[in-house]
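1. Okay, sequence plus prediction incoming.
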Protein chains: 4
Amino acid sequence: MSLEVGVLGYRFMGKAHANAMARLPMFFPDAPEIERSVLIGRDEDALSDAADQLGFDRTATDWEDVVDDVDVFYNLGPNFVHAEPSIAALEAGTPVFCEKPLAPTLEAAEEMAEAAQNAGSDVPAGCAFNYRFVPAIQYAKGLLEAGELGEIHHVRGQYLQDWLIDPEAPWSWRNDEEMAGSGSLGDLGAHTIDLIRFLVGDDDLAGDIDRLSGHLQTFVDERPVPGADGGALDSAGGDSTETKPVTVDDAYSAQLEFENGAMGVLEASRFANGHKNDHSIEIHGSKGSLKFSLERLNELEVLREDSRGYETILVTDEDDPYVEHWWPPGHVIGWEHTFVHENYEFLSAVENGDEFNPSFEDGLAVQRVLSAIGDSDERGEWVTLE
Amino acid sequence: MSLEVGVLGYRFMGKAHANAMARLPMFFPDAPEIERSVLIGRDEDALSDAADQLGFDRTATDWEDVVDDVDVFYNLGPNFVHAEPSIAALEAGTPVFCEKPLAPTLEAAEEMAEAAQNAGSDVPAGCAFNYRFVPAIQYAKGLLEAGELGEIHHVRGQYLQDWLIDPEAPWSWRNDEEMAGSGSLGDLGAHTIDLIRFLVGDDDLAGDIDRLSGHLQTFVDERPVPGADGGALDSAGGDSTETKPVTVDDAYSAQLEFENGAMGVLEASRFANGHKNDHSIEIHGSKGSLKFSLERLNELEVLREDSRGYETILVTDEDDPYVEHWWPPGHVIGWEHTFVHENYEFLSAVENGDEFNPSFEDGLAVQRVLSAIGDSDERGEWVTLE
Amino acid sequence: MSLEVGVLGYRFMGKAHANAMARLPMFFPDAPEIERSVLIGRDEDALSDAADQLGFDRTATDWEDVVDDVDVFYNLGPNFVHAEPSIAALEAGTPVFCEKPLAPTLEAAEEMAEAAQNAGSDVPAGCAFNYRFVPAIQYAKGLLEAGELGEIHHVRGQYLQDWLIDPEAPWSWRNDEEMAGSGSLGDLGAHTIDLIRFLVGDDDLAGDIDRLSGHLQTFVDERPVPGADGGALDSAGGDSTETKPVTVDDAYSAQLEFENGAMGVLEASRFANGHKNDHSIEIHGSKGSLKFSLERLNELEVLREDSRGYETILVTDEDDPYVEHWWPPGHVIGWEHTFVHENYEFLSAVENGDEFNPSFEDGLAVQRVLSAIGDSDERGEWVTLE
Amino acid sequence: MSLEVGVLGYRFMGKAHANAMARLPMFFPDAPEIERSVLIGRDEDALSDAADQLGFDRTATDWEDVVDDVDVFYNLGPNFVHAEPSIAALEAGTPVFCEKPLAPTLEAAEEMAEAAQNAGSDVPAGCAFNYRFVPAIQYAKGLLEAGELGEIHHVRGQYLQDWLIDPEAPWSWRNDEEMAGSGSLGDLGAHTIDLIRFLVGDDDLAGDIDRLSGHLQTFVDERPVPGADGGALDSAGGDSTETKPVTVDDAYSAQLEFENGAMGVLEASRFANGHKNDHSIEIHGSKGSLKFSLERLNELEVLREDSRGYETILVTDEDDPYVEHWWPPGHVIGWEHTFVHENYEFLSAVENGDEFNPSFEDGLAVQRVLSAIGDSDERGEWVTLE
């Protein structure tokens, strides 16, 4: 019997997850059977077109009608609609897969994590940190778990984009604190922080982040509002252009101290000229080091204990994580494949009533760090995480 | 009304094309509607499993029953079964998409090209050189057509793999001249030669290959035959292992002279240790240069006329070839996407009764070069292409 | 008439500067004539050997006998002997070239800068930040001054080494706060901070560093003391090994805010496994970006306004800074050449009674940043630079 | 007692060797003492200036007066003056260090090698293939000798420059067959061929080159002659410009077959746009692979038997070849250091009456390959080396 999936959100993330679901039968034949049942959104015309293209059976404009009706609920909407529908679904016993960051505020994230806990461990509540599911990252995780990097001394994470450099780039919900919670910090930094927790968060590696110092910056304070026709024109047809204030960060940085004494440096920006989607992680330990960059996601650079330099590994061998499902060695995969992997794992957890990681608890842990970075920036001092 | 597609071959290439067809509706909504109707093969059990997984309606063990029954015929079998079914399909007026190299011999390729010509220009006969459809290659083609590299002086093409280094790697049809035609030359070199023709073959660029000198080498002369159980064991259970002779090249190289005087150097190998699927193209002209490598297929390195060094371009911007169908800038695609692009183009040509390139004529032109390389190696002298 | 040069220090830096002086006549024929007159040190035997090898006329064990006797005084000793001899030389009207960091403490640096000012502008007092004299860095400076990067948003500087990872690596003066002032911060960070001031410190670029948050860490708290015989053995021949406490940082990081609002992130470490002398600088502006790495010091990566990716420039063309003195394009130079360039500039300033930059004032400005990073770390809060 | 050195040639190579000699005392204290005694050339004014700058005691315009007068003779003149003076020196029992290629013709090279043999093994006759003395190349040689690459299958060598792309670039002796022997082939290819012989020429590796196929091309047939004033102006002041024919190759390629069956592909060009001095070597063996590029000469990329990808080694560790003479790990050296190393080795051989490699015999062996490449190109067929 097929799992009926309801999905809120039909733009970028909607397409990424719908594609992932569509590809499971051919590449992961042991994945649970699913039905793309309901696509949820507000604009009925756009929604209907999207449902056609993304292969959904029907549409709905009110999530409340859906969350207890389906077997699985995907919350892929903007940050400010993460909490309420996800909590409602969980209260109805429906497993939830929610995009990151978990919520715009720490409070909302806490409520979501509580709802997940109340729903019980057989109702998976996943936070869609897809970069955990890059084969090279899973391979790196294996090296770290096996102790091949030794004692961890340094962690570095950058997520660089450049789509807001132009001061005339239009305002969107991503520039609004109320709707997004934060800017580059929540949108990009959340990914970095989750990866770092995933890779070195174990007690015998770096452990938790103990304390941190944060820095947020907004380079452009207001941006033009797109007109009704999608342009940035003055709605009155005059010379002046309507703008809205940018109330979130364009870039952030942070310094970290981990439980074991390791140091961390994080950064993200929407103003890093020349970098489109450049998410990189570097780790130095007493026995080895590693480097990863999302724009070359099939590769991992590893310094091994008995080596003199970084080895550039193409993580496309048959026994590399998830690779046997795809193509022969050297036939590289792309960004979207991370969604196939996470959907496979999440839906398998749903079918088996298993836990799924990254969970809402993981999403909350990331949110605590995001929130502490914001607090630290405001107070101008280091903040200790409880 | 859907186009009914019949596909011969259900292994590596079968999966690559089936996946491509399956993805068209979501990403290329204006592609013709198709039906994965019939999957053709010999081993009924394996075939049936494959048809289930790859989403075909039914199976057939005899291609003769299929080729005039379907609207499109895909020939994805080993090289030695390219000619007969493809010609039969074309004679029945069925468009054909055939994997590369077009045929194991020049004679067979000539017959196929003749059949294509007889079928008429509204019956597309395509040779599936998928690397033409890498966005970075299309972008490079645009630069070349615009004259941005100036007069072409040097062309370099390498296709490096290493899966046959181990002398105990098992014998397969790819090691047999009768079935494969040639080894690395036809399997890998065909791709390189097609790309070079595509990129610099225009008369105002390098033009045709005028003459060439070839070199073939077989490093391991015989290989163990896999046992009935898939292993390389002696079928009698004794100490000795049955082997078969390797009658094709493990590696080839060639020197080219183009019509305009440009020089070319080609190479492919199944013994290039550390290289999994490393297909690279480099071109130097009087105004600029470019470099491409398949293992980093989202990137193109371009030396522009007013620049001092190569610019590393991530060919993932919205207005880059095919990219608007996929994801935002910096969200890289993989090897398999080249199949989606070529299937989109081929099936659109079928629907519209248009020509499709690379055609059987292109496949034959490549075959002439492959054949000349072999002749040159045998005769120990330069060979002029007519 | 030759300038007589007296040099304090005959180890690593002594050799680097002696070599630089020796090479001037052949490669910079318009450099002032100099005499390597006196080499100053304590250990007479080692000193005498060094003087022979490095081409000095004589030796001295007391700098006080030298500083007013020579035409130029080079202070290449450990940090804790920077202040007194340099000040004495300046008080005697002798130009001084002092290694970096200028001093172990802010107070000492202030006294040195004051002595330089008192000596007058025709008595150059230089701080030997040699990386300003890498051709690629000078080329980058030219781009920045010409406004080619636009408004500066991000600055990133890392100096990664790994020579202290082994906890048994012996203690030296570099691990002692009294003698060195700080660890990686002063030794490596001083270079990074000077480069950043040099590159983006102008008012129409990022301007001064306004405020910062620092983080210091010591991973190994005590280290074995080398025995009299150079080993790390217990001097009594027993089982136990004598150790000394490490009182400086093994690594530091810092977050910066510049006058124009630009953000900076700095890091240095002696525990960055796999990195030997990896000093890198990255800058993102509204029109372009650039990247430099010392281990590939002949290269500069530049994103230009009309480009899509970084261009890898080999800064070895005839009209690149300093290059015409050396070899034809593509014939790369090494780390030591930066010393030739700075000696050429410094000695020319001495001969002409000109100012030389980086000056003691520049050394002091760096020291203020180093000191603020230390203060910030202690206080756990952002520190504003006056 | 100092060795008196006489040097013919005072331009590019003169400077490179004079610098090397000047640096020996400081960095190779056990090198023999030498005197830069005589600098030989034709243009007395230019020669006198050069002698001053390069530190020679005196000048001479006739090599015949010098070759039996000095203890060592360096022949750094254009190719067409390699033979006669070198042979005269050897006949006088004077050790000779001659720039590459050994001679413009095979016949001249044979005579030179014969003269070297007649002079006896205690009179070193060296051919200055300086790239053997790159630390990374010596390190590679060590790996190969230790068998770490296993059986050699592929060798690839490219030497790419671009200084002749402009058809108006002036004619020089390097474009003349009589004076230079060949173009890119002898100037650049000689280096590549020597490196390949050095690295894989041993019998238990690839062995000698057995046979080859060559290809030469001249892209620009005539070039303007620089005027008396150094410009390319018409000497009569008119509109027309005097030109001379280019009688050598602008680029060459070759395919090789080694004794052990390994395949080789060589290339050099003066038309490889964007490449200044890009000499690269790649070797694939059954156990490993390696890559080297002269523009990053401190690095070597090595695929080891138990590795999955190339390891980027910075060959600047203390125990790497020649490195202990220079700087600490990570402090990179430049192109010119290869001359210091070869001068150290050659002059030590002179002092000790030892053989020196690469010898005239090595120079002759390279010349045989150069000559065979030319023959093969003319005859349009493979040529077997005796």
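-> Okay, I see it. Numbering: from 1, shown residues only, chains lettered A, B, ... in the order given.

2. What are the boundaries of the helices in chain A?
-> Assigned by DSSP state H, the helices in chain A fall at A:12-27, A:44-54, A:83-91, A:106-119, A:135-145, A:177-180, A:184, A:190-200, A:337-352, A:360-379.

3. So which of those is nearest chain C?
-> The closest of the helices of chain A to chain C is helix A:360-379. By Cβ to the nearest Cβ, the value is 8.1 Å. Yep, even glycine has a C-beta here, placed from its N, CA and C like the rest.

4. Could you list every helix and strand that that closest one packs against?
-> Secondary-structure packing of helix A:360-379 (3 or more Cβ pairs under 8 Å, 6 or more residues apart in numbering or on different chains; DSSP states H and E): strand A:96-98, helix A:106-119, strand A:125-127, helix A:190-200, strand A:209-217, strand A:251-258, strand A:383-384.

5. quick revisit: for the helices of chain A, which one ends up most surrounded?
-> For the helices of chain A, the largest average neighbour count (mean count of other Cβ atoms under 10 Å in any protein chain shown) is found in helix A:184, namely a mean of 28.

6. ok, the residue most central in space within chain A - contacts?
-> Nearest to the mean C-alpha position of chain A, by Cα atoms, centre = their mean, lies A:Phe129 at 3.7 Å. Shown in contact with A:Phe129 (Cβ atoms under 8 Å, 6 or more residues apart in numbering or on different chains): A:100, A:190-191, A:194-195, A:198, A:342, A:358, A:362-363, A:366.

7. In space, what's closest to it - neighbours in sequence excluded?
-> In space, A:Phe129 comes closest to A:Asp194 once its chain neighbours are excluded; the distance is 4.2 Å by Cβ to Cβ, 6 or more residues apart in numbering or on different chains.

8. Endpoint to endpoint, stretch A:68-76 covers what distance?
-> Terminal residues of stretch A:68-76 are spaced 17 Å apart (Cα to Cα, to the nearest Å).

9. who touches A:Asp221 in this structure?
-> The contact partners of A:Asp221, by Cβ under 8 Å, 6+ apart, come to A:245-246.

10. How much space separates it from D:Val220?
-> According to Cβ to Cβ, to the nearest Å, A:Asp221 stands 58 Å off from D:Val220.

11. Tell me how far A:Val96 lies from chain C.
-> Applying Cβ to the nearest Cβ, to the nearest Å, the value for A:Val96 to chain C is 36 Å.

12. Am I right that that residue is in contact with A:Ala128?
-> No. A:Val96 is beyond contact range of A:Ala128, at 10.3 Å (criterion: Cβ atoms under 8 Å).

13. Give me the number of neighbouring residues for the nearest residue to A:Arg211 once chain neighbours are set aside.
-> Nearest non-adjacent residue to A:Arg211, counting by Cβ to Cβ, 6+ apart: A:Thr384, 4.4 Å away. A:Thr384 is flanked by 12 other residues according to other Cβ atoms under 10 Å in any protein chain shown.

14. if we can go back for a sec, output the contacts of A:Phe129 as CSV; include the columns pLDDT.
-> Formatted as CSV, those follow (pLDDT from 0 to 100):
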residue, pLDDT
A:Lys100, 96
A:Ala190, 98
A:His191, 98
A:Asp194, 98
A:Leu195, 98
A:Phe198, 98
A:Glu342, 98
A:Pro358, 98
A:Asp362, 98
A:Gly363, 98
A:Val366, 98
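
15. for these, which one is nearest C:Pro25?
-> Ranked by distance to C:Pro25 (Cβ to Cβ), the contacts of A:Phe129 are led by A:Leu195 at 55.3 Å.

16. Name the nearest residue to A:Ala113, ignoring sequence neighbours.
-> A:Leu364 (4.1 Å).

17. what about the one you found, distance to C:Arg156?
-> Distance, A:Leu364 to C:Arg156, by Cβ to Cβ: 30 Å.

18. Up against chain B, what does the stretch 51-200 of chain A have?
-> The stretch 51-200 of chain A comes close to chain B at residues A:53-55, A:161, A:163, as judged by Cβ under 8 Å from any Cβ of the partner chain.

19. Among these, find me the one that's closest to D:Asp319.
-> Nearest to D:Asp319 among these, with distances taken as Cβ to Cβ, is A:Gln161, at 43.7 Å.

20. Show the contacting residues for that closest one.
-> A:Gln161 is in contact with A:184, A:188, A:268-270, A:272, A:275-278, B:330, counting by Cβ under 8 Å, 6+ apart.

21. Export these to TSV and append columns for pLDDT and distance to chain C.
-> Shown next, in TSV, are those (pLDDT from 0 to 100; distance: Cβ to the nearest Cβ, whole Å):
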residue	pLDDT	distance to chain C
A:Ser184	97	11
A:Leu188	98	14
A:Ala268	98	11
A:Ser269	98	6
A:Arg270	98	10
A:Ala272	98	5
A:His275	98	8
A:Lys276	97	10
A:Asn277	98	13
A:Asp278	98	11
B:Gly330	97	12
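
22. Show me those residues that map onto strands.
-> A:268-269, A:278 (DSSP state E).

23. Could you check how far the helix or strand of chain A with the lowest mean pLDDT is from the centre of its chain?
-> Counting by mean pLDDT, DSSP states H and E, the weakest-scoring helix or strand in chain A turns out to be helix A:177-180, with a mean of 93. Counting by Cα atoms, centre = their mean, to the nearest Å, helix A:177-180 is centred 17 Å from the centre of its parent chain.

24. quick one on the thing from earlier: closest one to C:Thr243 among the helices of chain A?
-> helix A:190-200 (29.0 Å).

25. For the nearest residue to A:Phe360 once chain neighbours are set aside, give me its contacts.
-> Nearest non-adjacent residue to A:Phe360, counting by Cβ to Cβ, 6+ apart: A:Ala116, 3.8 Å away. Residues near A:Ala116 by Cβ under 8 Å, 6+ apart: A:90, A:96, A:123, A:125, A:359-361.

26. tell me which of these is nearest to chain B?
-> A:Val96 (23.8 Å).

27. Buried residues of stretch A:212-225, list them for me.
-> Residues of stretch A:212-225 classed as buried by neighbour count (16 or more other Cβ atoms under 10 Å in any protein chain shown): A:212-220, A:223-225.

28. Show me which residues of the stretch 251-386 of chain A are close to chain C?
-> For the stretch 251-386 of chain A, the contact set with chain C under Cβ under 8 Å from any Cβ comprises A:251, A:253-255, A:257, A:261, A:263, A:265, A:267, A:269, A:271-275, A:284-289, A:303, A:309-310, A:380-382.
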